[in-house]
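Visitor: Attaching a predicted model along with its sequence, questions to come.
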Amino acid sequence: MVQYYYPGYGQQQMVTPQGAFTGATPTTPPFREQSYIENILRLNRGKPGIFHFSFEHAIEAGKNTKSVAGMVEAAGRDHVILSEAKTGRRFLFPMIYFDYAEFNEELSYFDQQP
């Protein structure tokens, strides 16, 4: 039997060689914060960066991407709130449009709290 951990569900599934699920048992994730993008962004709140987004459905040419030079104010499971450094404008972006971020300093990856 093979064990699979499905992030976000907090449980393991036992799978037989034939592919049948045999049940679930509660497990403890190996880290305090799992390495989802929103958690990494949340751990790095306030650090300056450039955040890149793209929008496939944009109709106007040249309007299908957006880059924001600023910092993360908050991040949730499906969104990120950024503040732009030069203007102070705030943006709420759904995470489905997030491409990547650039930082000029080391990032926090794990929650260091006991």
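Guide: All right, it came through fine.
Visitor: Who are the contact partners of residue 55?
Guide: By C-beta atoms under 8 Å, 6 or more residues apart in numbering, residue 55 lies in contact with 63-66, 97. From N, CA and C alone the C-beta is placed, and that goes for glycine too.
Visitor: 6 Å - rerun?
Guide: Counting by C-beta atoms under 6 Å, 6 or more residues apart in numbering, residue 55 touches 64, 97.
Visitor: Could you report the separation of residue 84 from residue 39?
Guide: Separation of residue 84 from residue 39 (C-beta to C-beta, to the nearest Å) stands at 23 Å.
Visitor: So between the two, which is more surrounded?
Guide: residue 39 (18 against 14; other C-beta atoms under 10 Å).
Visitor: The longest strand along the chain pairs with which strands, and in what direction?
Guide: Counting residues, the longest strand in the chain under DSSP state E turns out to be strand 65-75. If you go by DSSP bridges, strand 65-75 pairs up with strand 48-54 (antiparallel), strand 79-84 (antiparallel).
Visitor: And the ones you listed: which comes nearest residue 107?
Guide: Evaluated over the strands paired with strand 65-75, closeness to residue 107 peaks at strand 48-54, with 9.0 Å, by C-beta to C-beta.
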